[in-house]
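Q: from the sequence below, what's the structure:
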Amino acid sequence: MDLIRRIIRHRADYLYIAPALAVMLLVIGYPVYFTVYLSLYSTPPNLSLDDKIFVGLDNYQRVLGADSVREASVNTMVWTVFSTFAAFVLGFGAAIALNREFLGRGMLRGILLVPYVISAVAASYIWRWLYHSDIGVIGAFFLQMGLSDHKLNFLDNTDTVMASLIVVNVWKEFPFAMIMMLAGLQTVPDALLRAARVDGANAWHRFWHVTLPHLRNVSMVTVLLLLVTNLNSFTIPWIMTGGGPAGASEIWITQIYQLAFGRIRFGLASAYSVILFVVMMTIGVLYVRALTRGDETRAG
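A: Numbering: from 1, shown residues only. Sure thing, here's the model as predicted:
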């Protein structure tokens, strides 16, 4: 009853946002519904969507039981964790360095933003050329400096392909973390830092006890956004390796693409997509709980 009374009391507010809600339901709600619906059907390549066969939860069982999915899950965890951690740490370090006044700071900020504003497609092709075993600049540099006595194969080697892709992803994403953390650093009260300095706190203690607590919320937001972005990463791994060699760089999103548009198995791909959606929603729920825990404690 309280909910109904609240809706009636704010009915004018709901009318204002009704058009936006309608657009969201059409653009987001229907595709989600249709994906869940399609995940309950088998769609063999020789049949049209109109001739699909109802199989219930069989697609989910096949996805969760497939060895290739388990291998892709390991790759996805490695890709997501290392990309997120490295991009956040590198971006945080850059933000701390750029938060100080020095000559050329504005120019350096602009230079460090270049990876973020470059198209992911263009960046992927550039790095493919840099990694090329025959004409790549990186391999030639190692040979010229005597760091290697043979041509290096980054993308066609199952032992190095994932690390090579993570380097490219971190290079592309760390400016985002830098921007977020730099904005957070500029909200730290100068009065608290000066008071800590007067009390005899050194630079490390000021950072640990004053700066870092003020960055908790922005840090959590940044990490969450990086996690979701990396779980949905497609352009860099697909363009650079296509999931190869031998599936060594296959992650969830590229495998879903292969199922849907390579093997024309829309039912399996839909079930896979729903599982990925549940994983991301779980991360979102955990994030919201962690973010609001402090507010609930203070309110209590």
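Q: tell me where the stretch 1-150 of the chain has helices.
A: Chain-ordered helices for the stretch 1-150 of the chain, with DSSP state H, counting those that start in this stretch as the definition, fall at 2-9, 11-24, 30-38, 58-65, 67-98, 105-112, 114-117, 120-131, 137-144.
Q: show me which residues of the third one are buried.
A: Using 16 or more other CB atoms under 10 Å as the burial criterion, the residues of helix 30-38 that qualify are 35, 38. All C-beta spots, glycine's among them, are computed from the backbone N, C-alpha and C.
Q: one more: the fifth one?
A: Neighbour counts using 16+ other CB under 10 Å place 69, 72-73, 75-76, 79-80, 82-84, 86-88, 90-92, 94-95, 98 of helix 67-98 among the buried residues.
Q: same thing with the last one?
A: The neighbour-count check on helix 137-144 (16+ other CB under 10 Å) flags 138-139, 142 as buried.
Q: turn those into TSV, including pLDDT and distance to residue 113.
A: Below are the buried residues of helix 137-144 laid out as TSV (pLDDT from 0 to 100; distance: CB to CB, whole Å):
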residue	pLDDT	distance to residue 113
138	88	23
139	84	28
142	83	28
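Q: off-centre distance for stretch 54-66?
A: Its chain's C-alpha centre and that of stretch 54-66 lie 26 Å apart, by CA atoms, centre = their mean, to the nearest Å.
Q: closest one to residue 168 among the helices of the stretch 1-150 of the chain?
A: Of all those, it is helix 120-131 that lies closest to residue 168, at 4.7 Å by CB to CB.
Q: what's the closest one in contact with?
A: Here helix 120-131 makes contact (CB atoms under 8 Å, 6 or more residues apart in numbering) with 115, 135-139, 154-155, 164, 168, 171-172, 235-236, 239-240.
Q: rewinding a little: for residue 49, which of the helices of the stretch 1-150 of the chain is the nearest?
A: helix 30-38 (7.9 Å).
Q: so which elements touch that closest one?
A: On a contact count with 3 or more CB pairs under 8 Å, 6 or more residues apart in numbering; DSSP states H and E, helix 30-38 meets helix 266-299.
Q: which one of the buried residues of helix 137-144 is nearest to residue 222?
A: For the buried residues of helix 137-144, the residue nearest residue 222 by CB to CB is residue 138; the value is 28.8 Å.
Q: from what I can see the closest one touches residue 154, true?
A: Yes. With contact defined as CB atoms under 8 Å, residue 138 reaches residue 154; the gap is 7.3 Å.
Q: picking up where we left off before, and which of the buried residues of helix 137-144 is nearest to residue 286?
A: Closest approach between the buried residues of helix 137-144 and residue 286, by CB to CB: residue 138, at 38.1 Å.
Q: who's in contact with the closest one?
A: 130-131, 152, 154.
Q: tell me which of those is nearest to residue 197?
A: Taking CB to CB as the measure, residue 197 lies nearest residue 130 of these, at 44.7 Å.
Q: pLDDT at that closest one, what is it?
A: In the predicted model, residue 130 carries a pLDDT score of 92.
Q: any idea how far it is from residue 140?
A: Relative to residue 140, residue 130 is positioned 10 Å away (criterion: CB to CB, to the nearest Å).
Q: before we move on, what about residue 131?
A: Plainly put, residue 131 is 11 Å away from residue 140 if you go by CB to CB.
Q: what sits up against stretch 100-112?
A: Contacts of stretch 100-112 (CB under 8 Å, 6+ apart): 94, 98, 175, 178.
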